[in-house]
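one predicted model, sequence on top.
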Amino acid sequence: MTFFADIIAATFRNATPLVYGTVGETYTERAGVLNLGVEGTMYAGAFFGFAVAYQTGDTWIGLLGAIVVGLIAGALMALMTVTFGANQHVSGLGLTIVLIGLSEFANRLLFTGGSLPRIEPMSEWDLFGFLPDPLATVAEQYGLTYVAFFVVVPVAWWVLMKTPLGLSIRAVGENPEAADVAGINVFRVRYIALMIGGALMAVGGAFLTLAVLGTFTLDIIAGRGWVVIALVIFGRWRIFRGVLGALIFAAVYSLGLRLRITPGFEDIPNEVMLALPYLVVILALALSGRNVPYPGAYLKPYRRS
Amino acid sequence: MTTSGGRGDLAAELRGITKRFGDLVANDAVDLDLIRGEVHALLGENGAGKTTLMRVLYGLTHPDAGTIAVDGRPVTIRAPRDAIAAGIGMVTQHFSLVQPMTVTENVILGRAAGARLDLTAARRAVEEAADRFGIAVRPDAVVEDLSVGEQQRVEIVKALARDCRVLILDEPTAVLVPQEVDALFGTLRRLIDEGLSVVFISHKLGEVRTISDRVSVMRRGQMVGTAAGDTDERELARMMVGRPAFGVDRQEPLWHDGEARLQIRGLSAHGGHGLAALHEVELDVHAGEIVGVAGVSGNGQTELAEVLSGMRRATAGSVSVEGQELVNRGPETVMAAGVGRIPEDRHASLVLDLPVSLNLIMERIDDYAPRGHLDRTAIGAHAEELIERYRIKARPNDRVATLSGGNIQKVLLARVLSRDPKVVIVSQPTRGLDVGASEYVREELLARRAEGAAILLMSEDLDELVSLSDRIVVLYEGRIVGRIDAADADPEHLGMLMAGRATEVGA
Amino acid sequence: MAENRIGRFGMITIGAIITILAVSGSAFVIAGANPIAAYEAYFITPLTREFTLLEVLNKATPILFTGTAVAIAFRAGYWNIGVEGQLLMGAVAAAGIGQLVHGWPALVVLPLMVGAGALAGAAWALVPALLRVRLGIDEVVTTLLLNPVALLVVQGLLHGPWKDPETGFPESPRIAAAAEFPQLSEFIPLIGRSRLHLGFVIAVVLIIVAWYVLSRTSTGLRVRAVGLSPHGARFAGIRVERTLLRVALVSGAIAGVAGVSEVAGIQFRLTEGVSPGFGYTGVVVAMLGGLAMPGVLLAGLLLGDLSVGASSAVRSLQIPSQVGDVVQGTLLLVVIGALAVYRWRTTREDDRPPDEGEPEPEEPPDRPEGAAPVEEPPT
């Protein structure tokens, strides 16, 4: 019984960065832009969030720092793809490369010397400790995890589907000409979507350094950004479905980790377990098949002719 | 039928509007007055500058010179937002609707403010506008499920919901059958009664004379003049074209009873969204004949051309050329069987970023690459030859993207017709072309016909269809509902068939 | 008109150069060095001595391979970002063969290794390619996701069956002597002592062959057409799916050979760190080179130069080597941005009027076409 409780708890925890990233990238892609800078943005969010928290001694200010970095990253991507109209694949990859390089550079400058800098990480909320045990284990999550599932996801869905801004974002991603003719500032909306996305992605990265680990390591994001891209497609650009994908991925990942220390499974190489989530995602994509409903203006820069 | 519009003050005034695109002067110091409460037609051939002028008025393009005044006050219009604020609305030729969204969502796009989307209030507003102007729309329907006529009505309601006082309609009847055109004109009259002013862009003389109070004629970027709506047709044509409109001589049918070169049997296919677009189409085209396919866009002509070109799968049926079965065999086989294809979407069917010379050999690369190595001399010579023969205004190394619409079409023609195809599938050959280019294209098609090619022509231009074809079939909702000899064709009957109101016996 | 264009091009270029100088200069200053000295150390110094110059070529070798692999794929509109993983699989194949062929003659072993590596890289590229061609699934995601899986395969082998029995470290046993790529200094007397090996020659030859095929052959024309206008290519009878599949496999194969080159030329065994991101750097090289082969060559050499300069500057100027990454990334973004701005400005100049009555080009129903590669270089 504790086995399942542990896994479910781990699933929510491990899904958190993916949820932030997926919601952020969904906004971006709904506006018609593929942002391959996710990996770099999460990385920069993780590092700069940590660095700010380290300097100020306050993890929440660190989180704020991560958000700022994410906004800047989103704006930079918008500058390249929306204003300049550069190829989106390339701009995103370039952004990832720059952000990772910048983070590692700053890391070297700020944290040279022997020991790994640490901060007091955010703690998990024990609000529901009074619940009977399996539930209590599951409910012991970081604040940011609660925020992700109970605040960010519903608010993000509501904003996208029920507000004028969300309507504009969706219109701009389906048919920017129509939006323009209707008087919407296509460029501004795309900037906003990219910046919202960037901020969320950065928070997803910062979650790992500020809450889970309390420190920064070079391989901290480990490809989660790329997984986010897959999850958005799996989610068919819908918030809830994307979150579902994140949960499935995290579940497989958590299961794999747990099985490594379970009697009877020790002989299976670690690496197989670690590879499983990626393979599951690829399988899921393969099964969802043709005719995936891409947003109408996906990948096309908008130029008023 | 005309009424003299209320002789009041001016709803809008354009002065000295000039707009250049590179070397082309689309608008040359154009003046236009719009009197309040009138229907004012803007008439001219393709390329005359009518659309550009209205795009300037609506803020989609910036003029190089000129001023605009609305209700007597000068205004600066830099984006559609400014035009909307000045009370100007526009229904563009290609609808500006977000297909997956509902009618209501489309109407409030860009208008909603604040934190919440109040869809209930919006729906009520849509219903009110619809009732007030007598326009039938369904607020909760998803736009992509609507017919073209309905979508156009949504566009109009969109403009009206923004309290526009001036409504611009760009070629609104291009996608409507005659009966829907009548409904549109009724709507316009009701709008005028409510105090709006309408600018109506068209190249169709008959309609213009029916609905407008005044007509302004443009030709080659210049404003030729403004006349009353009931001016004599020949006078208007003269203003439009600068010379008596030429016609194409009726040709005698060349084929006699014999084997059909192109035989289509029981052809069915899906369109977008998996819905059936073609239903058991049956058709023969003989050598030396042009068969025209009439039909409002969206009734299957596009899909028919795509299936015949090898670009779309058919779900059933057969297409054979001289006995060789071609259905679902792919473009390569279709071409090899001697079928030339001149597609509707020129830009997507060429490789715009490659030079003219390479595009001209794209259908037969291996013929110009012995042992895999591209023979640039031969490719260049081939290009020079075709450029001269087809009078393409381009050099062999120019990127196709830099060519004008007419020359792009000529590149396609040259590529296809220079191989003397036995069968030609041609779609919308003169769409967007100027008078000279259109004339050239039609002559080429007739020349092929005289040389014995079997030609299947799809065109939304009924006049062109009737003048070029020997026989005409009408497609409605993917089925052939009429087959007539072109000589017996009469626009009203064709219109009925195209609207699905009649079925020809024996179709 | 032409002057206008040159003037504009000049302004954009100047703007780009200023931005690069500003950003990288700031990075140098922040790192505590004199920018002028830093630029010299990074870019010029490596070219001044024979040893470092050869090392530049050596550092360039893997990214010349991956740059070529990426450029070919991107030209076809196939976004192969899985080069990193394909390289790793090539390295695995090389290490595997290398352990089996003790005592075999080099003339047999070397082609065998290269062939096996190419095959392994192509095999790793196969699944995403099939998913794209049969099911229309975006290859960006599938190729990307296989990169970490490839690394896990390497790690699994190194922590398991291939763990070096002597040292116990997670690295494979050394490959057979015959499997080592000969060092060029053995063959070319002019070249002094250096690690420069056969891989460099293979890479350059591949670039030349790729250039020839892309610009001068019918196959290359088909690839270019598919990349620039899939619909137009299909309409003209080109088999788009078949072309994409072939391009994907060739791209994977070249990446695989990159892996062979690193194992057989530098490492002589398989290690976890065999590729510090060569695949992703290959994307940078391809883009900086404008997806054209001569550009790939120049960009690869440039980044090789940068790499050598960066590591020597660590000692001479006490700047962390990561500054090199910052410079590289900035270079990429600025170049992409400048090219895009240039394209944007020139298209506005020659704007064609809206053809009245002309339809918008329609997207084919199944998949979105990715935006075309940055620029079509002159053939």
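Alright, I've got the coordinates. Residues are numbered from 1 along each chain as shown, chains lettered A, B, ... in the order given.

alpha carbons only for contacts and neighbour counts from here, please
Fine.

any regions of the chain where pLDDT drops low?
Looking at chain A here, since you left the chain open. Counting by pLDDT under 70, chain A has low-confidence residues at A:1, A:113-115, A:128-129, A:265-267, A:289-291, A:304-305.

please go with chain C instead
Applying pLDDT under 70 to chain C picks out residues C:1-5, C:191, C:345-379.

for chain B, what is the nearest residue in it?
In chain C, the residue that lies nearest chain B is C:Gly232 (3.9 Å; Cα to the nearest Cα).

which SS class is that residue?
Look at C:Gly232: counting by DSSP: H, G, I helix; E, B strand; the rest coil, its state is helix.

next, the spatially most central residue of chain B: phi, psi?
Chain B has B:Arg431 as the residue nearest its centroid, 5.6 Å off, counting by Cα atoms, centre = their mean. In terms of degrees, to the nearest 10, the main-chain angles of B:Arg431 are phi -60, psi 130.

distance of it relative to chain C?
Using Cα to the nearest Cα, to the nearest Å, we find B:Arg431 at a distance of 6 Å from chain C.

if we can go back for a sec, which ones are touching the residue of chain C closest to chain B?
For C:Gly232, the contacting residues are B:Ala348, B:Ser349, B:Leu350, B:Val351, C:Ala225, C:Val226, by Cα atoms under 8 Å, 6 or more residues apart in numbering or on different chains.

find the nearest non-adjacent residue to whatever residue of the stretch 301-450 of chain B ends up closest to chain C, please.
The stretch 301-450 of chain B approaches chain C most closely through B:Ser349 (3.9 Å), counting by Cα to the nearest Cα. Nearest residue to B:Ser349, sequence neighbours excluded (Cα to Cα, 6 or more residues apart in numbering or on different chains): C:Gly232, at 3.9 Å.

any idea how far C:Arg222 is from that neighbour?
In this structure, C:Gly232 and C:Arg222 are 11 Å apart, going by Cα to Cα, to the nearest Å.

same thing with A:Val52?
Distance, A:Val52 to C:Arg222, by Cα to Cα: 52 Å.

over to B:Glu444?
With distances taken as Cα to Cα, B:Glu444 is found 30 Å from C:Arg222.

how about C:Thr66?
22 Å.

more crowded one of the two?
The residue with more neighbours, out of C:Thr66 and C:Arg222, is C:Thr66; 35 against 23, by other Cα atoms under 10 Å in any protein chain shown.

that one is in contact with C:Gly279, isn't it?
Yes: counting by Cα atoms under 8 Å, C:Gly279 is a contact partner of C:Thr66 at 5.8 Å.

C:Phe169 touches C:Trp162, doesn't it?
No: C:Phe169 sits out of contact with C:Trp162 when judged by Cα under 8 Å, with a separation of 9.9 Å.

between the two, which one's more packed in?
More crowded of C:Phe169 and C:Trp162, by other Cα under 10 Å: C:Trp162, with 21 against 14.

next up, the contacts around the more buried one.
Neighbouring residues of C:Trp162 by Cα under 8 Å, 6+ apart: C:Pro170, C:Glu171, C:Ser172, C:Pro173.

enumerate every residue touching the first one.
When the contact criterion is Cα under 8 Å, 6+ apart, the partners of C:Pro170 are C:Gln155, C:Leu158, C:His159, C:Trp162, C:Lys163, C:Asp164, C:Thr271, C:Glu272.

which one is the first one nearest to, not counting chain neighbours?
In other words, C:Gln155. Closest residue to C:Gln155 in three dimensions, ignoring its sequence neighbours and counting by Cα to Cα, 6+ apart: C:Glu272, at 6.3 Å.

count the neighbours of B:Ser147 for me.
11.

distance of the residue of chain C closest to chain B relative to B:Leu412?
For C:Gly232, the distance to B:Leu412 - Cα to Cα - is 11 Å.

overlap in contacts, these two.
Each of B:Leu350 lies in contact with both C:Gly232 and B:Leu412 under the rule Cα under 8 Å, 6+ apart.

so what pairs up with B:Ala316 in the strands?
Beta-bridge partners recorded for B:Ala316 (DSSP bridges): B:Ser268.

show me what contacts it?
By Cα under 8 Å, 6+ apart, the residues touching B:Ala316 are B:Gly266, B:Leu267, B:Ser268, B:Ala269, B:Glu280.

for chain A, what lies in contact range of chain B?
Proximity of chain A to chain B (Cα under 8 Å from any Cα of the partner chain) is limited to residues A:162-164, A:167-168, A:171, A:174-175, A:177-184, A:304-305.

list the contacts of A:Met161.
Here A:Met161 is in contact with A:Leu167 (Cα under 8 Å, 6+ apart).

element containing it, please.
In the assignment (DSSP states H and E), A:Met161 maps to helix A:153-162.

next secondary structure element downstream of that helix?
Helix A:153-162 is succeeded, C-terminally, by helix A:164-174 (DSSP H and E).

which residues touch that following helix?
So helix A:164-174 is contacted by A:27, A:29-33, A:159-161, A:178-179, A:184, A:186, A:189-190, A:193, A:295-298, B:98-99, B:105, B:109-110, B:112-117 (Cα under 8 Å, 6+ apart).

no further questions, thank you.
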